[in-house]
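J.: here are the coordinates; sequence isn't available:
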């Protein structure tokens, strides 16, 4: 899959950096093709800015998003207890740890609506 190449940190209809709200629904916008005719959005929940720090951090801010399914069924990834058996495959959680320059891929519901409209227009033009 290819990432959408957005020209700025404020995607079409997307939130500004100050607008991300913990527990709110967002979408990571991907395209399966280079012509951006096949939209593949991932549904995400914003869990916080700098939600985790590790020794390998470079000091830059990170915005954390979690896949919607695991957020709704298991809760925020930072509060999920370790698996009793120690098997990591029992708890499937996808966490996206994004830098500021990577947030161009993230849109809210209105942004997704705008992205769908643009994709539809490109598909119509491609069909001729």
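T.: Thanks, I have it. It should be emphasised that the depicted structure is a prediction, and the values quoted were computed from it without experimental measurement. Residues are numbered from 1 along each chain as shown.
J.: can you give me the strands for this protein?
T.: In the chain, the strands defined using DSSP state E lie at 2-3, 25-28, 30-31, 42-49, 63-67, 95-98, 106-107.
J.: Tell me how far the second one lies from the chain's centre.
T.: To tie it back to what came earlier, the one meant is strand 25-28. Taking CA atoms, centre = their mean, to the nearest Å, one finds the center of strand 25-28 at 5 Å from the center of the full chain.
J.: Mind giving me the packing neighbours of it?
T.: Packing partners of strand 25-28 (3 or more CB pairs under 8 Å, 6 or more residues apart in numbering; DSSP states H and E): strand 42-49, strand 106-107, helix 109-127. Quick note: C-beta positions are derived from backbone N, CA and C, even for glycine.
J.: from the ones you listed, which stretch is densest packed?
T.: Stretch with highest mean neighbour count among the helices and strands packed on strand 25-28: strand 106-107 (a mean of 24; mean count of other CB atoms under 10 Å).
J.: so what does that one touch, helix or strand wise?
T.: Contact partners of strand 106-107 among helices and strands, from 3+ CB pairs under 8 Å, 6+ apart: strand 25-28.
J.: Please list the residues outside the strand it packs on that contact it.
T.: For strand 25-28, contacts defined as CB atoms under 8 Å, 6 or more residues apart in numbering pick out 15, 20, 41-46, 65, 68, 96, 105-109, 111-112, 115.
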